[in-house]
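In: predicted model and sequence below, questions to follow.
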Amino acid sequence: MRTTTGWRADGGALRRTSLQRRDLRPDDIAVRIDHCGVCHSDLHALRDHDERATTPLVPGHEFTGVVTATGSDVRTFSVGEPVAVGNIVDSCGTCAMCGAGQENFCHSFPTLTYGGTDRQDGSTTLGGFSREYVVRDTFAYPLPSGLDPAAAAPLMCAGVTVWEPLHSLGVGPGSRVAVAGLGGLGHLAVKMAVALGATTTVLSRTRDKGDDARRLGAHDLVDSTDSHQMAEARDTFDVVIDTISAPHDLAPYLKVVAMDGTLSLLGYLGPVTVEATDLLVGRKKLSSAGSGGRRSTAEMLRFCADNNITADVEVLPSSQVETALDRLRRNDVRYRFVLDMSDLD
């Protein structure tokens, strides 16, 4: 086994401790993690973690770093190469979804970067809040030159999560896109929609985010609490990317979707209630998406490199992980925390 250092859940907090990684299999690479994003999923995992559980929890599933070792069969990576890893590290590779390049929808469920079950030895995967990770080479991606490693880390979860619906729904020049919520997901959705050529609007409860929205490239901001502004926007947008993480009424957002348009629900993945008539009037569609397959993730990274897109980040040393989590709970970040893991040396 390989030994590294990381932050493990212990008694309701994260404690710095020694961690074990598997010895490299023939198709593995070892990655020195330099930067790891902090996601709302990490908050949820920590909240739901049973302190009496025998399975360990080390969060973190969007990170960048450098290859430090390769397995005997690895030909696509070399030691010293910058790489990025997202929230999926394996899949069955044989089901229809894997065959379609959508490993994120693997019929037997993909192996998650943390809290997952290794498909060979049954161990629990430990995440990127650590100095080293061992991963199958096919689930790591070359980090394009020109992308700042810290600001690129959130692309591997937040970035690909918004990229998938924008890409699959055919957003491009002439498209009218609205992004509901301007947070970790939303600000990247704005940047990508603009780069794809769409006329892009932000729907937000916070009026003072107007300057930020325009700085990110948005053409306008609509106050979603203003009934007059929302009425004026009725039947306007071909695609609405809903990144709001809390439970909320979908009806006002469906009303601003244009005929045959789509509301893609990305932020809140719990139960929702929809009136059929809100879909019927205008033949509107409700969809969702989550993460991305290998092909889509690689395409997203190339697109971001070509268009100089990274996340707006606040970088903290990993020793301040609790500060980052506490501020994230209070939505006190614009727009993504990233941990610098070098202090684990």
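Out: Okay, I see it.
In: from now on I want contacts and neighbour counts done on CA atoms only, so please keep to that.
Out: Fine.
In: now Ala13. Nearest residue, chain neighbours left out?
Out: Glu322 (7.7 Å; C-alpha to C-alpha, 6 or more residues apart in numbering).
In: need the helices for the stretch 101-250 of the chain, in chain order.
Out: 149-152, 158-168, 184-195, 210-215, 227-232 (DSSP state H, counting those that start in this stretch).
In: out of those helices, which gets the lowest mean score?
Out: Of all the helices of the stretch 101-250 of the chain, mean pLDDT reaches its minimum on helix 210-215 (a mean of 94).
In: excluding sequence neighbours, find me the nearest residue to Arg2.
Out: If the residues on either side of it in the chain are set aside, Arg2 comes closest to Arg21, at 4.9 Å by C-alpha to C-alpha, 6+ apart.
In: my bad, should have said Asp312
Out: For Asp312, the spatially nearest residue (C-alpha to C-alpha, 6+ apart) is Tyr335, at 5.5 Å.
In: quick one, what contacts the one you found?
Out: Gly183, Gly184, His187, Ala311, Asp312, Val313, Glu314 (C-alpha atoms under 8 Å, 6 or more residues apart in numbering).
In: which one of those is nearest to Gly174?
Out: His187 (20.3 Å; C-alpha to C-alpha).
In: that closest one and Gly217 touch, don't they?
Out: No. In this structure His187 lies outside contact range of Gly217 using C-alpha atoms under 8 Å: 9.6 Å.
In: sorry, back to before: give me the number of residues near the residue nearest to Arg2?
Out: 16 (other C-alpha atoms under 10 Å).
In: ok, now how distant is it from Ser72?
Out: 17 Å (C-alpha to C-alpha, to the nearest Å).
In: on that earlier part again, confirm that the residue nearest to Ala13 sits in a helix.
Out: Yes. Checked against DSSP: H, G, I helix; E, B strand; the rest coil, Glu322 lies within a helix.
In: kindly provide the distance from it to Asp28.
Out: 31 Å.
In: Leu316: neighbouring residues, count only.
Out: Using other C-alpha under 10 Å as the criterion, Leu316 is surrounded by 16 other residues.
In: no wait, Gly37
Out: Gly37 has 29 nearby residues by other C-alpha under 10 Å.
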